[in-house]
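> Sharing a sequence plus its predicted fold:
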Amino acid sequence: MDSGTQSAGKPDAGKPGAATGFLASGLGVALFSSAVFGLSGSFAKALLETGWTPGAAVTARLTGAALILAVPAIVALRGRWHQLRDNWLTIMLFGFIGVAACQLFYFNAVSRLSVGVALLLEYLAPVIIVLWLWAASRRRPRPLTIAGTLLSLGGLVLVLDLTGAVKIDVIGVLWGIAAAVCLAIYFFITAKENDTLPPIVLASGGLMVGAVTMWLAAATGLLPMAFSTSDTRLGPWVTPWWVALGGLIVLATVLAYVSGIVAARALGSKVASFVSLTEVLFAVIWAWLLLGELPGPIQLTGGLLIVGGVVLVRLDELRTSSGAGGAAVPAALDHANDVEPVP
C-alpha cells in the first residue's frame, strides 16, 4: 500500500527538519537505493578483471544476498507459509529470469563493455515492453510514449557508436540487450502477482532460486565457474578480493533491495520506478571513480537520449494513472517496481 501521502505537512526546505522530511518522504531513500544499485557493475568488473567469471560473480552475489535476506523474509511471513505455496510460480520465474538470467547477462555485457554502456542497454527494457504490448494488443501507444520510444531507439544508435573509431563489441551488445529482455519479463512477472506476496519475501525467494539455479548450472558444466583471490583495484586503492565481493553483496544487493522496498512503499511503485532511472547516472559516476571508465561524448549523448526516452514513457504512465482517460500501453506495469531489479 502506498504511503506517499504521509509526506504532507513535512518541514519546508531550509528549516531544521528539512533533511528529515526529505528522507521521510521516501525520495532520499530512493536516491540512496539508486546510488548503491549503481555500484554493482563497478564491483563486479573489479572482480572480473582479476579472473572471476561472470557466472562466479553472479553466483556469489546471489548466494550471499539470499542468505542475508532470508532472515527478514521469514519474519515477514510470520507463519503465513501458504503465501509461498500460492506464489511459487511467480517466485520461480522471478528468480530464474528476473534475477539469475538478468544478472548473468548484464555481467557478461560488463565483461566486454563499459559499465555505463552495459547498463544503458539494459535500460531499454521499458522500450521493449512498449513495443511488445503494441504488437500484442495492436493498439497504438499514446503520442508521448511513441516519442519516448523513438528517442530511446535513437539514443541506442548513438550508444553503439557504429561509425566511431573504437569498434563496439557485438557480443557484449547482444548480452546487454538480452539483459534488457529479461528485465522486461521481470516487470511483467512482478506487475501481475506481487501484490499477494510481501516484497521482501519475493526478493529473498527470487535470490534463493537464482542462486540454486546458478549452482546447478555450474555443477552440470553448463556455466563456467572461476574464482580468484587476487587483489582488486577500486579507484586509487588496491583491496583484497573480499572487499569488492562484500560491496557487491551487502551494498549493491542487500542494502539496495531493502532501501528500494522502503522507497517504493513511501513513494508508490510508479514514482519509485521513475526515480530509479538515476541509477544510470550513479553507475556512470561510480565506474568513472572506481574503474576510470567514462563513455565517449557520442555514447554519453546517446545515453541521455535513452534515459530521456524512458522518462517520457514513465511520465506518460504517471499522467495516465492520475486520471487521464484510456489505458496507456504500459499500464500493465502499475506495480512493477515494488521490488527493484538487480542489474
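Great, that's in hand. Numbers count the residues shown, from 1 in each chain.
> Could you report the neighbour count for Val311?
If you count neighbours by other Cβ atoms under 10 Å, Val311 ends up with 16. The C-beta positions use only the backbone N, C-alpha and C, and glycine is treated the same way.
> In three-state terms, label it for me.
helix (DSSP: H, G, I helix; E, B strand; the rest coil).
> try Trp175
The three-state assignment at Trp175 reads helix, by three-state DSSP.
> Enumerate every residue touching the spatially closest residue to Val238 that is not a sequence neighbour.
Counting by Cβ to Cβ, 6 or more residues apart in numbering, Asp231 is the residue found nearest to Val238 once chain neighbours are left out, at 5.1 Å. Asp231 sits next to Thr50, Val238, Thr239, Pro240, Trp241 when contact means Cβ atoms under 8 Å, 6 or more residues apart in numbering.
> Give me the buried subset of the residues you listed.
Trp241 (16 or more other Cβ atoms under 10 Å).
> Might you specify the subset of the contacts of Asp231 located within strands?
Among these, DSSP state E puts Val238, Thr239 in strands.
> could the contacts of Asp231 go into TSV alongside pLDDT and distance to Leu183?
Shown next, in TSV, are these (pLDDT from 0 to 100; distance: Cβ to Cβ, whole Å):
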residue	pLDDT	distance to Leu183
Thr50	94	27
Val238	93	33
Thr239	93	30
Pro240	95	32
Trp241	95	28
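> With distance to Pro199 added, can I get the contacts of Asp231 in TSV?
Below are the contacts of Asp231 laid out as TSV (distance: Cβ to Cβ, whole Å):
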residue	distance to Pro199
Thr50	34
Val238	38
Thr239	32
Pro240	33
Trp241	31
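> returning to that earlier point: what are the phi and psi values at the residue nearest to Val238?
phi -70, psi 150 (degrees, to the nearest 10).
> same thing with Arg138?
Dihedral pair for Arg138: phi 60, psi 30, per degrees, to the nearest 10.
> distance of it from Trp132?
Distance, Arg138 to Trp132, by Cβ to Cβ, to the nearest Å: 12 Å.
> neighbour count winner among the two?
Trp132 (16 against 7).
> check contacts around the more buried one.
With Cβ under 8 Å, 6+ apart, Trp132 has these contacts: Ala184.
> For it, what is the enclosing helix or strand?
Assigning secondary structure by DSSP states H and E places Trp132 in helix 125-137.
> what sits against Leu255?
Val36.
> Would you mind stating the distance between it and Val29?
Counting by Cβ to Cβ - Leu255 and Val29 are separated by 11 Å.
> Please apply the same query to Leu120.
Taken as Cβ to Cβ, the span from Leu120 to Val29 is 24 Å.
> quick one, which of those two is more surrounded?
Leu120 (30 against 24).
> The more buried one contacts Thr301, doesn't it?
No: counting by Cβ atoms under 8 Å, Leu120 stays clear of Thr301, with 11.3 Å between them.
> what sits in contact with each of the two?
Gly155.
> quick one: contacts for Leu291?
By Cβ under 8 Å, 6+ apart, the residues touching Leu291 are Ser42, Lys45, Ala46, Val115, Leu234, Gly235.
> Quick check: the gap between the fifth one and Leu222.
When you say that, I think you mean Leu234. 31 Å.
> Settle it for me: which of these two has more neighbours?
Counting neighbours by other Cβ under 10 Å for Leu234 and for Leu222 shows that Leu234 has the greater number, 19 against 9.
> if you go through the stretch 151-300 of the chain in chain order, where are the helices?
Ranges of helices in the stretch 151-300 of the chain, per DSSP state H, counting those that start in this stretch, are 170-193, 199-219, 241-246, 256-267, 269-275, 278-291, 297-321.
> May I see these organised as CSV, with distance to Leu153 added?
Formatted as CSV, those follow (distance: least, Cβ to Cβ, whole Å):
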stretch, distance to Leu153
helix 170-193, 12
helix 199-219, 30
helix 241-246, 35
helix 256-267, 28
helix 269-275, 20
helix 278-291, 16
helix 297-321, 8
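> Mean pLDDT lowest where, among those helices?
For the helices of the stretch 151-300 of the chain, the bottom mean pLDDT is recorded on helix 269-275, which sits at a mean of 65.
> number of nearby residues for Val262?
18.
> From Val159, how far out is it?
For Val262, the distance to Val159 - Cβ to Cβ - is 32 Å.
> And for Gly98?
From Gly98 to Val159 the distance is 23 Å (Cβ to Cβ).
> before we move on, what about Ile285?
In terms of Cβ to Cβ, Ile285 sits 17 Å off from Val159.
> who has more neighbours, those two?
Taking other Cβ under 10 Å, Ile285 and Val159 do not tie; Val159 has more neighbours (29 against 15).
> Glu122 is in contact with the more buried one, correct?
No: Val159 lies out of contact with Glu122 (Cβ under 8 Å); the separation is 11.5 Å.
> List the buried residues in the helix or strand containing Val75.
According to DSSP H and E, Val75 maps onto helix 54-77. By neighbour count with 16+ other Cβ under 10 Å, helix 54-77 contains the buried residues 54-66, 68-69, 72-73, 76-77.
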